[in-house]
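Undergrad: Following is a predicted model, sequence given first.
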Amino acid sequence: MKTRYILPVLAAFFLSACHKDLDVIQTDQISANGMWRTEGDATSAMYGTHQLMRAAFNQGLVYWGEYRTGLWGPGNHKGLSQTARDQVYQSTMPNTHANADWEAIYKTINNANLVLKYTPNINFASADKKKEVLANAYYVRALCYYWIARIWGDAPLVLEGFESTAQNLLPSRSSAADILAQVEQDIDAGIDNMPPAVTAKKTASLSALQILKADLSLWMYKVRNAGDAYLDKAEQAVTSVLGNTALALETDYDKIFATASESGKEVIYSWNYAQDEYTGGYAADYQFNSATVSPAYHFNPVVVGPNQQWCFYTDEYVTVLTENTADKRLLTNYQVFYDNLMNQTFHFTNKYKGTWLNRTLILDADIVVYRLADACMFDAEIKYFRNNAPGAIQALNKLVKRAYGVDNYYSATSTLPQVHAIIVKERMKEFPAEGKLWWDFIRLGVAFDMNPYLAAKQNQQNILLWPISDDSINDNPNLGGQTPGWQ
């Protein structure tokens, strides 16, 4: 069982958090006079921003970052489905979809805004600790706005914490370009503030900021067509992460995701899940109801719990994952088991499966947002974009040696088109169920190739975005209505 790790939150935070969809006028004036006085106040609020971000992405991470890829479909191997997931697979999400709402992300941003407002005026015993608190607030705000810009495009860009009804609680939308520009500014501010000695994994570090900068810079270069300077920025950021001697690839892929060994040497930044503090998350989508599996096979090997497996990989994705049965990632990413007593075959992932305690499933596996393998893949991608096929293959081979157990698994004579195909395939094998493949597919230009539902809609305006929730539109006339293409 993992060590309990509690993220304290100021009770007063819940009074100062932004309100439903940034647009509900309150009748009271919120005062900060009783808070934001001590180092402990600021530090607690810093932890609170990470806690709120974890809650905001608890389910949304895969809905926004994976389920639209075409790699997912009905669970219990095509026997069970739910409309909310089917709509995402098919890119038919309505304005009423639960994940069309951005309220929880903006609550997180609001807390980060307040940390940035009040922390500079608080006395700290250590100047570096104050800088760490500020750097974390910049990191959280940057990460949240990075996702907002990619999910919804144009959206409110709010840089002031909501504390009073005298403030504008009906913000209009800013362009995605302006939001991404702010993301870049926040990342750079975070890097400038973050003390190099910080080695945290459940809050931000210099490497967490640098890997986010690499991610953003590649998005700007390839998706936003912002120019070669962003490829240079991505390369510099990746070089920084790869040069961090405190980071290394795990020898055992499973150790990255198992509760007993999480926060290991490969993890750069993760969201903490712990019994008696915060459990659950999207991993509940992949388990089986314990009544459907013979007791002898509960967690031996079939992952069971109170829910049912509502979604799982498509047959096409399973074919990719099982292409090489010697792949050491396979047992973590995909397993198939025949229950002879139930006469039922189960297909499941062992990633983020949590802990089996007293015949009860505890979903306490940390969700890894960034790890060193991301930097390795970004490194290969940068070299590919620079038309350096041998360099890209060399970078890929360093990563996949763990999977295949051999040096130089891929040929150094691979052509650029072959390198592109290898990068796509290895991302599919390295990062299943981690909530990032959708963005990878867009960046690598294969989103419409992978999902047949999406391919049929590629001429639809803003099809790669999500609609804005009805609640947001109805309550805030300054949003200007629904995103074109999603009316």
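TA: Cool, got the structure. Numbers count the residues shown, from 1 in each chain.

Undergrad: okay, the residue located most distally from the centre of the chain: pLDDT?
TA: Relative to the mean C-alpha coordinate of the chain, counting by CA atoms, centre = their mean, the farthest residue is Leu341 (38.3 Å). Leu341 is assigned a predicted lDDT (pLDDT) of 96.

Undergrad: Tell me who's in contact with it.
TA: Contacts of Leu341 were listed using CB atoms under 8 Å, 6 or more residues apart in numbering, and they are 294, 296-297. Bear in mind the C-beta positions are built from the backbone N, C-alpha and C, glycine included.

Undergrad: Mind checking which of those residues are in helices?
TA: Among the contacts of Leu341, no member is found in helices (DSSP state H).

Undergrad: What is the nearest of these to Ser91?
TA: Tyr297 (36.2 Å; CB to CB).

Undergrad: if I look at that closest one, how far off is Ser81?
TA: 24 Å (CB to CB, to the nearest Å).

Undergrad: Looking only at neighbour counts, state which of these two leads.
TA: Of the pair Tyr297 and Ser81, Tyr297 is the one with more neighbours under other CB atoms under 10 Å, namely 19 against 15.

Undergrad: Now the phi/psi pair for the closest residue to the more buried one other than its chain neighbours, please.
TA: Among residues not flanking Tyr297 along the chain, Asp339 sits closest, at 5.6 Å (CB to CB, 6 or more residues apart in numbering). Main-chain torsions, Asp339, degrees, to the nearest 10: phi -90, psi 100.

Undergrad: go on, the one 5 residues further on?
TA: Main-chain torsions, Gln344, degrees, to the nearest 10: phi -140, psi 140.

Undergrad: So it sits against Ala291, correct?
TA: No: here Gln344 does not reach Ala291: they are 11.7 Å apart, not a contact under CB atoms under 8 Å.

Undergrad: the more surrounded of those two?
TA: A direct count of neighbours by other CB under 10 Å for Gln344 and Ala291 places Gln344 higher, at 18 against 10.

Undergrad: What distance do you get for that one to Val293?
TA: 8 Å.

Undergrad: swap in Ala142?
TA: 42 Å.

Undergrad: what about the two, which has more around it?
TA: Neighbours per residue, other CB under 10 Å: of Ala142 and Val293, the larger number sits with Ala142, 27 against 22.

Undergrad: who's in contact with the residue lying closest to the more buried one once chain neighbours are set aside?
TA: With sequence-adjacent residues excluded and distances taken as CB to CB, 6+ apart, Ala142 is closest to Asp186, at 3.8 Å. Shown in contact with Asp186 (CB under 8 Å, 6+ apart): 138-139, 141-142, 145.

Undergrad: So for the helix or strand hosting Tyr145, what gets flagged as buried?
TA: Tyr145 is part of helix 127-152, with elements assigned from DSSP states H and E. Buried residues in helix 127-152, counting neighbours by 16 or more other CB atoms under 10 Å, are found at 129-152.

Undergrad: low-confidence ranges in the stretch 101-250 of the chain?
TA: By pLDDT under 70, the stretch 101-250 of the chain has no low-scoring segment.

Undergrad: one step back: just list the residues touching the residue nearest to Tyr297, thanks.
TA: Contacts of Asp339 (CB under 8 Å, 6+ apart): 293-294, 297, 302, 345-346.

Undergrad: go again using 7 Å as the cut-off
TA: 293-294, 297, 346 (CB atoms under 7 Å, 6 or more residues apart in numbering).

Undergrad: same check, this time on Ile211
TA: Taking CB under 7 Å, 6+ apart, one finds 241, 268, 370, 374-375 in contact with Ile211.

Undergrad: can we see that at 8 Å?
TA: 237-238, 241, 268-269, 370, 374-375, 378.

Undergrad: Show the buried residues in those.
TA: For the contacts of Ile211, buried by 16+ other CB under 10 Å: 237-238, 241, 268-269, 370, 374-375, 378.

Undergrad: Walk me through the domains of the chain.
TA: 11-22+33-70+101-163+175-198, 286-367 (automatic domain parsing).
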